[in-house]
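**Student:** Sequence first, predicted model second:
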Amino acid sequence: MRTKASQAKAMARQSLLGHYGTASGALLLAGLMHLGFLAVYVFLDFLLGHSPVPRELRDNGRMGLMVLYYVCCTVGSLVFATGEFCICHRICAGKAAYKRDLFFALTCHPLGFAGLWLVWLLAGLAGLVPGGGLWLLASAWSRYMGAKPALVLAAAGILVSLVLEFLAGTWFLAALTAVMDQVDAGDSQAYGGMSDWMGQNGPGWRLGECLGQGWNLMAGAGWRLWGLLPGFLGLYALGVLSMGIGFLWVVPYLFCTMVWFFREGNRPYDF
């Protein structure tokens with residue numbers, strides 16, 4: 001019997017009982033690290049802005065610093081999101097999870113995770129193309145088709161982009177589920193299920209295989225996936241209205257729900 005959206009949410013709430021401290025604490029740590037990135041950026045930008053070097057060199061330096069800051073934030077976000085998902089997966093599997101698992105991607109096949117992130121980013125960019133094309137078409141031809149048809153076409157473009165971005169994000173989480181399952185399976189086979197991946201460099205996993213399994217999981221879920229969307233949109237709104245503080249609870253709940261939702265047909269052990 002396949003897991004329904006309501007069942008996945010109920011199991012996520014049950015799994016997180018007594019474990020929110022670890023899952024939310026890791027997210028708080030990630031947020032503090034991002035604030036550290038920002039503080040360093042502001043300090044260096046201030047130094048460059050008041051340095052005695054020629055203005056052209058100063059402007060080029062500040063531009064390079066901005067690019068470096070953007071890269072650090074992007075890579076850091078991907079590392080922390082993967083680590084948070086690892087924490088939630090271990091919680092759902094009934095295994096010990098620690099805040100240090102936030103850096104899981106840096107110790108267990110980091111090049112593989114770089115490939116996984118690249119595929120996801122490219123899929124996200126590709127998902128913007130159809131909707132962006134409709135929006136641009138509506139903007140360019142609004143004087144010929146009228147205001148209302150142009151507005152409908154632009155709204156359709158936004159909707160198409162949102163749907164495709166949702167599918168790209170779901171594929172990424174499904175692939176991550178496959179990755180964590182492979183890591184746990186390799187860990188159990190190599191060390192009898194008693195090891196800590198932080199001390200063993202972690203067992204390997206295959207990028208192509210996990211991407212394929214993630215796609216199969218997403219395709220197999222079908223319309224059941226959309227049952228998750230309304231509730232998560234409401235939680236996202238609460239997170240935004242709480243100035244981001246609510247995401248400390250929303251993100252672990254989202255990740256644990258996706259783990260339970262995708263566990264059918266892709267688990268080397270019984271949860």
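**Tutor:** Yep, it's here.
**Student:** Once you drop chain neighbours, what's closest to residue 89?
**Tutor:** Nearest residue to residue 89 in three dimensions, chain neighbours excluded: residue 180, at 4.1 Å (Cβ to Cβ, 6 or more residues apart in numbering). Every C-beta, even on glycine, is put in place using the N, C-alpha and C of the backbone.
**Student:** what helix or strand does that neighbour sit in?
**Tutor:** Using DSSP states H and E, residue 180 maps to helix 147-191.
**Student:** same deal with residue 258?
**Tutor:** Using DSSP H and E, residue 258 maps to helix 247-262.
**Student:** helices or strands next to that helix in the packing?
**Tutor:** With contacts defined as 3 or more Cβ pairs under 8 Å, 6 or more residues apart in numbering; DSSP states H and E, the packing partners of helix 247-262 are helix 5-16, helix 20-49, helix 55-92, helix 147-191, helix 207-221, helix 229-241.
**Student:** hmm, try it at 7 Å
**Tutor:** helix 5-16, helix 20-49, helix 55-92, helix 147-191, helix 229-241 (3 or more Cβ pairs under 7 Å, 6 or more residues apart in numbering; DSSP states H and E).
**Student:** Could you report the separation of residue 215 from residue 221?
**Tutor:** 11 Å (Cβ to Cβ, to the nearest Å).
**Student:** one step back: Serialize the helices and strands packed on helix 247-262 to a markdown table and add fields for distance to residue 134.
**Tutor:** Shown next, in a markdown table, are the helices and strands packed on helix 247-262 (distance: least, Cβ to Cβ, whole Å):
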| stretch | distance to residue 134 |
| --- | --- |
| helix 5-16 | 29 |
| helix 20-49 | 34 |
| helix 55-92 | 27 |
| helix 147-191 | 3 |
| helix 229-241 | 21 |
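**Student:** Output those as a markdown table; include the columns mean neighbour count, mean pLDDT and distance to residue 208.
**Tutor:** Output for the helices and strands packed on helix 247-262, formatted as a markdown table (neighbours: other Cβ atoms under 10 Å; pLDDT from 0 to 100; distance: least, Cβ to Cβ, whole Å):
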| stretch | mean neighbour count | mean pLDDT | distance to residue 208 |
| --- | --- | --- | --- |
| helix 5-16 | 17 | 86 | 27 |
| helix 20-49 | 15 | 90 | 28 |
| helix 55-92 | 17 | 90 | 18 |
| helix 147-191 | 18 | 81 | 10 |
| helix 229-241 | 13 | 79 | 28 |
